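Novice: build the 3D model from these lines:
(chains A, B and C)
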Amino acid sequence: MTATLSTETRELTYVKAFNEGLAQVMRSDEDVFLAGEDVAGYGGVFHMFDGLLGEFGSRRVVDTPISEAALVGMGVGAAARGLRPVVDLMFMDFLAVCLDQVVNQAAKMKYMFGGAVSVPLTITTASGAGLGAAAQHSQSLEAWLAHVPGLKVCMPATAYDAKGLIVAAVRDDNPVVVMLNKVLLGARDVVPAEIYEVPLGAARVVRQGEDVTIVALGRMVTEAVRAAEELAGAGVRAEVIDLRTVQPLDMTTVLDSVRRTNRVLVVHEAVTFGGIGAEIAAQVQDEAFDYLDAPVLRIGAPFAPVPFSPVLERAYVPDAARIVAGCRRLLERG
Amino acid sequence: MTTVIGEQVEVEVLRDLHERMVRIRLFETEAGRLMEAGRLPGFLHLYVGQEAVAAGVMSTLADTDQITSTHRGHGHAVAKGANLREMYAELFGKVTGYCHGHGGSMHINDLSIGMLGANGIVGAGIPIAVGAAFASAYRDDGGVAVAFFGDGASNIGTFHEAANLAAVLRLPVVLVCENNGYAEFTAQANHMLLADVADRAAAYGMPGEVVDGMDVVAVHLAAKRAVTRAREGGGPTLVEAKTYRYYDHQGVKGLRIQYRTQEEIDAWKARDPIDAAEARMIERGDSSRAELDAVWQRVREEIAEAIAFAEASSDPDPNTDLLRDVYTGTNA
Amino acid sequence: MATEILLPKLGLTMQEGTIEEWVATPGATIRPGDVLLRVGTDKVDVDVEAEAEGVFQPVVDAGVTLEPGTLIGWLLGDGEQIPGASGPEPRRFVSPNARRVASTLGVDVAAVRGTGPNGRVVSEDVEEFAAAERPAGPPVDVNRAGPLVRRYAKEHGVDLADVTGTGPGGRVRRADVEQVAAAPGTVLPLTGMRGTIAERMHASLREMAQLTHGYEVGMDAVVDLRERLKAEWAGTDLPVPSLNDFVVRAAALALTEHPLLNATIRDGAVHLLPDVHMGLAVAVPDGLLVPVIRDAATRSLTGLTAVTRELAGAARNGTLKLHQLEGATFVVTSLGSYGVDMFTPIVYPGNVAILGVGRLRDGVRWEGETPRRTRVLTLSLSFDHRGVDGAPAAEYLRSVDRLLQQPLRLLAN
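Specialist: Predicted coordinates for the structure are as follows:
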């Protein structure tokens, strides 16, 4: 369950850690199967599923047509019948072509049915910009999903979490979307060899500080840590929180931190407008208004589709420099 | 189109089909009466006229076989054996209903009898049935899944995606298109150029069969062939039942939009599936009029009791029922 | 024509003043000499009079503490508007956290200067303000009592540390404070002059590296001269100087020889002051006042004596003006009449030394093997070691001693 039980740790890449977690949870539970486009023979376009067909066979690792709505719907039906499907949407942008099955079927089935059914469905997908994949292959749509009661959404920021969160997601009795980040696929981290879960809804304090809180999602956690290091050189002690999941949203950890630092910045790759940052800002002012020395600052992408040109894309995605500048703005004193 | 009345089924099967249809007819006419009287919240899509399809298909399924239904789903639930008390209670939005007041008409479900739910989104149940079929194949439990949908739904992506996926994976699923001639208020001729939805089966490499949806025995026999094929590993079949709804798209008289002629309605009513079945049963000597009347009377009493139960039931409590069952376990 | 009303700078060392009260009514027509407001400094409350005429219009609230020279109001001509006041007063921005911290620390945010963006007051401003205002005491446990209870306790001189809280989680309720306040024992709250003395004295000890030299001086010559003056000046209106006056005169003259002791330390430097303004500590019923003899080094002994008498009288009658209380560069304090020989006076904030005068007493001087009765007293010089070392301090005392041995020199102008 936790790393403390680990007997063996070694460094793995994010994608290998994810792959290992999925393989282990499939080994541990015969009801888990994987379906999606090119997940079997090809092993997933990002090699997320390498080797799974060989180990588990075509009954449990299923290539499907390019039919996202049918794929997710099949996952919903199989989950309602007690299996634990893992269906892969390849790019998160493709969520839009099967949104009904995610939002109106998977998410609501339990409630609509008066609790008579559970939908232990896991949807994996690759999100995020930074690879020159342009507007239809680069989005971070966590805010869409987090807005829907019944769904859970996680955004692993490290290899450790990529493994722990896929295991937790598959074992959860609710529909869970696991948003892998494409830029992080090769990022290394110490990863225990045995199976473990990272609990859904428990943010991680990556770095402690007293002066300002940086709440980060997904790849922005790395940028936030870089920013905190730079700020430390200037005597500013920034606390960095990796939310890990956006639904459920661990506001307890965020609020505890804000009440200590009195200043908070939220950073995500998604466009700022209507993003998770807005939700966090609203909850912070609801719950900790009297602890704020500055307005909650949001840093995200501008209100435009993800651009293709590397120059434009770099300008689009938030980075450590923007986080540092944001913190300085929060801490500015004359 | 296959039309066969009475000849090829046992008397017990015919009586069973008849009673299923009577239950649906009375359930729906009473539900329509309650709705028109303003005693039910929300709105209903009623199944009157299409009884032979639900009864004919459901008579070929066991409780372990799954169906997914549509916005016009009462008939499927009743024919599958759902509890009438819990159905009415749900229509009233009562806490004793199938969904404890969370779902209403379009989300009635009963997993214990293989009823995987009505659905408010056109076409959405089709891939879910494919998923149920996948689960049966995965477990090799011999189960079959049936997806009900209308002619209108045969134009939505999920139908095509799910049909293709089921065919590719050779899953034990039967796709039952209830072609009542209208996608809401749009006649079939205006929403597709094919005369038969069943022709679409060819596109996915599966058999397609058209059956008279006003002939309960014909539906029963067609469904039996398709279900057997699925159960034996032959993959999916598309069965199109030509039928007609007597009421409007929604409610009984609905919005009173003139999109169908009275002549058309009368012509279909002249082929009423229950009347036709009863005429054959009497003609064959399977049942007397009195025996058939006794069936109606028994079902009427059952329905009156179910409505009384529903009306006497409590409303859900906002303090305890509003937020329950959003998640399995907690979301924190 | 509109005339500005500025917070007056009442003496050299005044760094800030509090508007205790607006005496004049806003909108009232004021004539020169009318009292406008009462200003409190660390030393005394003073009435400030109008220097011009016009319709009085304050621009700050009573209770604020400001630097001298700050615009605090206007005297306007008929129908005249406040110059530059085209719109409503600019909004004062205070962060929610600053308000919360101010409330728990009992700080009036209106008095706090904002350093955040657009001049926003942030919690650090409040904390720094509170730390400067209230250097003493243990940190306040902000969770232990609400602001109202804290204020009630302060008004009744009750230390919250002495109160057992009976509210939820040990919170102190007003009833708890009332119980302690009603308990036997007299409570003398550190407010008003007492509070100012407490604050100033503690600030002095906190800021400076203080130490005291005790130095016995022979007073035979002064005593003898004084006897002669008493006899010769009897019947004239010449004031006979007291022993203390001789010491003050000697101390002032000696300062001209030792300017290091007539100085102030600020901004990391010792600033030698050009003039000697001698403060005289005078005990009054509820505390202590330090009226100032301006230019003490240039006054004759008799002139100095006359001023001393006037100031001491005014101090005891409570009629000292603020200008008479401001600007001491050095202080002499005497406890001789109380029988004290040696003590450790505390240097006044802004000074580098203070001279304590002990009891006139009999001493012994050995002439060969023969003891001779002599008259002596002990001077106690406290000084700030940051600016003055032990040796120069002793040199100064030796100069004072020398002057007291040659009192005719003191008598001369």
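Novice: next one: C:Val284 from C:Tyr348, what distance?
Specialist: 16 Å (Cβ to Cβ, to the nearest Å). Where you see a C-beta, it was placed from the backbone N, CA and C, and this is true even at glycine.
Novice: give me the more crowded residue out of these two.
Specialist: Per other Cβ atoms under 10 Å in any protein chain shown, whichever of C:Val284 and C:Tyr348 has more neighbours is C:Tyr348, with 24 against 14.
Novice: quick check: buried residues in the helix or strand bottoming out on mean pLDDT in chain C?
Specialist: When the helices and strands of chain C are scored by mean pLDDT, DSSP states H and E, helix C:147-155 comes last with a mean of 74. The neighbour-count check on helix C:147-155 (16 or more other Cβ atoms under 10 Å in any protein chain shown) flags C:Val149, C:Arg150, C:Tyr152, C:Ala153, C:Lys154 as buried.
Novice: which residues are contacting that helix?
Specialist: C:103-104, C:106, C:140, C:145, C:159-160, C:163, C:172-174, C:177, C:181, C:189 (Cβ atoms under 8 Å, 6 or more residues apart in numbering or on different chains).
Novice: and the residue in the stretch 51-200 of chain B that chain C sits nearest to, how many neighbours?
Specialist: Among all residues of the stretch 51-200 of chain B, B:Val95 sits closest to chain C, at 38.3 Å; criterion: Cβ to the nearest Cβ. For B:Val95, the count of nearby residues is 19 (other Cβ under 10 Å).
Novice: how about A:Asp211?
Specialist: The criterion is other Cβ under 10 Å. On that basis, A:Asp211 has 18 neighbouring residues.
Novice: B:Gln258 too?
Specialist: When neighbours are counted by other Cβ under 10 Å, B:Gln258 comes out with 7.
Novice: pLDDT score assigned to it?
Specialist: According to the predicted model, the pLDDT of B:Gln258 comes to 84.
Novice: tell me which element C:Ala283 is part of?
Specialist: For C:Ala283, the enclosing helix or strand under DSSP states H and E is strand C:282-284.
Novice: count of neighbours near residue 290?
Specialist: Just going to use chain A. Applying other Cβ under 10 Å, we find 16 other residues in the vicinity of A:Asp290.
Novice: ah, I was thinking of chain B
Specialist: Neighbours of B:Ala290 (other Cβ under 10 Å): 7.
Novice: would you agree it falls within a strand?
Specialist: No: secondary structure assignment places B:Ala290 outside any strand; it is helix (DSSP: H, G, I helix; E, B strand; the rest coil).
Novice: the closest residue to C:Tyr396 other than its chain neighbours: how many residues sit nearby?
Specialist: The shortest distance from C:Tyr396 to any non-neighbouring residue, by Cβ to Cβ, 6 or more residues apart in numbering or on different chains, is to C:His258 (4.3 Å). As a burial measure, the neighbour count of C:His258 was computed by other Cβ under 10 Å and equals 19.
Novice: what's the spacing between C:His258 and chain A?
Specialist: Distance check for C:His258 against chain A: by Cβ to the nearest Cβ, to the nearest Å, it reads 43 Å.
Novice: from the buried residues of helix C:147-155, which is closest to chain B?
Specialist: Distances from chain B to these, taken by Cβ to the nearest Cβ, are shortest for C:Val149, at 36.2 Å.
Novice: the closest one and B:Arg225, how far apart?
Specialist: The span separating C:Val149 from B:Arg225 equals 85 Å under the rule Cβ to Cβ.
Novice: which SS class is C:His271?
Specialist: On the three-state scheme (three-state DSSP), C:His271 is labelled strand.
Novice: thought it was touching C:Thr264?
Specialist: Yes: look at C:His271 against C:Thr264 with Cβ atoms under 8 Å: they come within range, at 5.2 Å.
Novice: what about those two, which has more around it?
Specialist: C:Thr264 (18 against 11).
Novice: now the more buried one. Its backbone dihedrals?
Specialist: phi -140, psi 150 (degrees, to the nearest 10).
Novice: count of residues packed around residue 52?
Specialist: I went with chain A, as the question did not name one. Here the count is done by other Cβ under 10 Å, and A:Leu52 has 21 residues near it.
Novice: my question was about chain C, not that one.
Specialist: Neighbours of C:Ala52 using other Cβ under 10 Å come to 13.
Novice: which residues are in contact with residue 201?
Specialist: Assuming you mean chain A. With contacts defined as Cβ under 8 Å, 6+ apart, the neighbours of A:Gly201 are A:Lys152, A:Thr245, A:Pro248, A:Leu249, A:Asp250, B:Asn331, B:Ala332.
Novice: wrong one, chain C
Specialist: Residues near C:Met201 by Cβ under 8 Å, 6+ apart: C:Ile346.
Novice: partner strands of the helix or strand containing C:Val48, with direction?
Specialist: Per DSSP H and E, C:Val48 falls inside strand C:45-49. Strand pairing for strand C:45-49, determined by DSSP bridges: strand C:35-40 (antiparallel).
Novice: and the strand it pairs with, average pLDDT?
Specialist: Per-residue pLDDT values across strand C:35-40 average out to 86.
Novice: repeat that for stretch A:93-110.
Specialist: For stretch A:93-110, the mean pLDDT works out to 98.
Novice: any part of the host helix or strand of A:Ala281 near chain B?
Specialist: Here A:Ala281, judged by DSSP H and E, is contained in helix A:276-288. No: counting by Cβ under 8 Å from any Cβ of the partner chain, no contacts exist between helix A:276-288 and chain B, the nearest distance being 13.7 Å.
Novice: okay, buried residues for that helix please.
Specialist: A:Ile276, A:Gly277, A:Ala278, A:Glu279, A:Ile280, A:Ala281, A:Gln283, A:Val284, A:Ala288.
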